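**Student:** Sequence and predicted structure, then a few things I'm wondering about:
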Amino acid sequence: MIGEAVAVQVSDTIVALSTPPGRSGIGVIRLSGADSLAYARSLLGDEQFAPEPNRVILKTLRDPETGETLDRALVTYFKAPHSFTGEDVVELSCHGSPVLLLRIIDSLLYLGAHTADPGEFTLRALSNGRMNLTQAEAIRDLIDARTHVAVRLAARQLAGELSSRLQPIKDELIKIIVPLESALEFVEDDLPEVAAERLTRRLHDLSKRLEVLAETFRSGRLLKEGINVALAGRPNVGKSSIFNGLLGKERAIVTDVPGTTRDSLGEVINVQGIPILLTDTAGIRDSTDPIEQLGVERTRRALADADLVVVVIDGTQTISEADDEIFSALVEEDYLIALNKSDLPSFRQVHFGEACKATDCVTVSAKTGAGLDELRRAILHPFTARSREDEDFLITSARHFDLLRRAAVSLTSSEEELRRKSSEDLVLVGLYEALRLLGEITGETTPEDVLSQIFATFCIGK
Ligand SMILES: Nc1nc2c(ncn2[C@@H]2O[C@H](COP(=O)(O)OP(=O)(O)O)[C@@H](O)[C@H]2O)c(=O)[nH]1
Ligand SMILES: [Mg+2]
């Protein structure tokens, strides 16, 4: 039970502004706790106030000390346990004046309410079993989402998708643990050979499933936060022209003088709702000019930081040693090739040598714009392709990624113990550890201090 694991003291009634501070049409103040309705009554100056739950009522709010009218507001009462937090909740939709809203909150504090900590409403929802931890985190991620993709992923997690994907794995683990435990209890002989082999395979499968899920984090993180893409290549191949073409404006200076771009330039473009930080670089070449040398140094750094590099090659020239040098500088990176200047008569499809480990090659003309759409798609492809392996569901949290991977490692260690024909209790260690780690994702076994760290990243009023 989630409610048992999260032992939080929830006796007091909390209050917070749930809309952003600042002037607005409406400002919503939220109360949660056993005294919510009592405080609302005092604020309305109406001790008989007995609203029907989930109904909006227009009421006059008054200063509980002086009786002075504060505002006309819409009051909604949500009766425990049928509320967001699982406690009695009252929401006051007031006029959105920051001064007025503060005054109303002050009145509620005067009546005895406490200021809510960041995420405290959601924490209460969690401790009352209204949602699990991944759903609570999804609410935070939804509010913080900066891209359409991030919104979509958070919505799926909020709907319980991650926990429902983990549940069958946990069930399967328990199915493995139970017979092992009873084998221990009855001090039988060792597991029969066939049974042991079958168990090993099941553990192997489970650990693979966890790894596959964990691996989606690579794409999930990037799609949620954006992708760093750097343009690289020899001078004059058309990096700055492609940069401008992708951007749709003349941002970088383009000339036929090699070494024109001396510094790295960054701009964000949006491709299918995903922000891509595109960096135009100075290109890599030996130079004695100190300014150009600095630029080359920055290029190297931009390339190291990139999630993906687009190597621009001039399709009217033969592949030179300088191109091969660029390929060898990129052994650690993922890169694709943009074969540029397809509009020129001397353009040819180039054959790349051994040094080239590009994942894709797109023919473009920065001059005419041909192939730029295909280049945009090719840039996204490595990140979206991976996500399709698991029907688009992606892990977007480093915490989940870490726990999934550790659970997979624990299962692998149990698998090894089985292979070594160790005793059941040694095999069980890894299984219990995996179960605990998976429970930490959804909140059943999450330590208190980890919980407070998670909720510290929430906004106030949520
Ligand atoms: N015909 C043609 N010329 C291009 C193309 N892309 C770039 N250029 C020209 O190549 C030269 C170098 O371009 P630039 O973008 O500054 O290259 P960078 O040094 O790699 O940044 C300029 O004269 C551009 O006009 C293209 O697709 N077709
Ligand atoms: Mg340039």
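**Tutor:** The structure has been received and is ready for your questions. Numbering: from 1, shown residues only. Ligands and ions are numbered 1, 2, ... in the order given.
**Student:** make it CA atoms for all contacts and neighbour counts henceforth
**Tutor:** Will do.
**Student:** helix, strand or coil for the closest residue to residue 160 other than its chain neighbours?
**Tutor:** Distance criterion C-alpha to C-alpha, 6 or more residues apart in numbering; nearest residue to residue 160, sequence neighbours excluded, is residue 135 at 6.2 Å. Three-state call for residue 135 (DSSP: H, G, I helix; E, B strand; the rest coil): helix.
**Student:** Distance check, residue 135 against ligand 1.
**Tutor:** 46 Å (C-alpha to the nearest ligand atom, to the nearest Å).
**Student:** any idea how far that residue is from residue 324?
**Tutor:** Using C-alpha to C-alpha, to the nearest Å, residue 135 is found at 49 Å from residue 324.
**Student:** cool, residue 306 as well?
**Tutor:** 19 Å.
**Student:** Pull the number of nearby residues for residue 412.
**Tutor:** For residue 412, the count of nearby residues is 22 (other C-alpha atoms under 10 Å).
**Student:** And for residue 404?
**Tutor:** 27.
**Student:** Confirm that it sits in a helix.
**Tutor:** Yes. Counting by three-state DSSP, residue 404 falls inside a helix.
**Student:** give the contact list for it.
**Tutor:** 210, 211, 213, 214, 437, 438 (C-alpha atoms under 8 Å, 6 or more residues apart in numbering).
**Student:** Looking at neighbours, which among these is most surrounded?
**Tutor:** residue 438 leads these on contacts (other C-alpha under 10 Å) with 27 neighbours.
**Student:** I figured that residue was touching residue 407, is that so?
**Tutor:** Yes. Residue 438 lies in contact with residue 407 (C-alpha atoms under 8 Å); the separation is 6.7 Å.
**Student:** This structure: strands as residue ranges?
**Tutor:** 14-17, 24-32, 56-62, 69-78, 89-96, 114-115, 227-232, 265-271, 274-280, 308-314, 335-340, 361-363 (DSSP state E).
**Student:** circling back: now, which of the contacts of residue 404 sits nearest ligand 1?
**Tutor:** Nearest to ligand 1 among the contacts of residue 404, counting by C-alpha to the nearest ligand atom, is residue 214 at 37.9 Å.
**Student:** Spell out which residues of the stretch 201-350 of the chain are next to ligand 1.
**Tutor:** Proximity of the stretch 201-350 of the chain to ligand 1 (C-alpha under 6 Å from any ligand atom) is limited to residues 235-241, 254-256, 258, 340-341, 343-344.
**Student:** hmm, back to that, could you dump the strands of the chain to JSON lines with mean neighbour count, distance to residue 416 and mean pLDDT?
**Tutor:** Compiled in JSON lines, the strands of the chain are given as follows (neighbours: other C-alpha atoms under 10 Å; distance: least, C-alpha to C-alpha, whole Å; pLDDT from 0 to 100):
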{"stretch": "strand 14-17", "mean neighbour count": "26", "distance to residue 416": "51", "mean pLDDT": "97"}
{"stretch": "strand 24-32", "mean neighbour count": "21", "distance to residue 416": "50", "mean pLDDT": "97"}
{"stretch": "strand 56-62", "mean neighbour count": "17", "distance to residue 416": "61", "mean pLDDT": "98"}
{"stretch": "strand 69-78", "mean neighbour count": "19", "distance to residue 416": "53", "mean pLDDT": "98"}
{"stretch": "strand 89-96", "mean neighbour count": "23", "distance to residue 416": "52", "mean pLDDT": "98"}
{"stretch": "strand 114-115", "mean neighbour count": "18", "distance to residue 416": "52", "mean pLDDT": "96"}
{"stretch": "strand 227-232", "mean neighbour count": "26", "distance to residue 416": "38", "mean pLDDT": "93"}
{"stretch": "strand 265-271", "mean neighbour count": "16", "distance to residue 416": "45", "mean pLDDT": "87"}
{"stretch": "strand 274-280", "mean neighbour count": "23", "distance to residue 416": "42", "mean pLDDT": "90"}
{"stretch": "strand 308-314", "mean neighbour count": "25", "distance to residue 416": "37", "mean pLDDT": "95"}
{"stretch": "strand 335-340", "mean neighbour count": "26", "distance to residue 416": "37", "mean pLDDT": "96"}
{"stretch": "strand 361-363", "mean neighbour count": "18", "distance to residue 416": "43", "mean pLDDT": "95"}
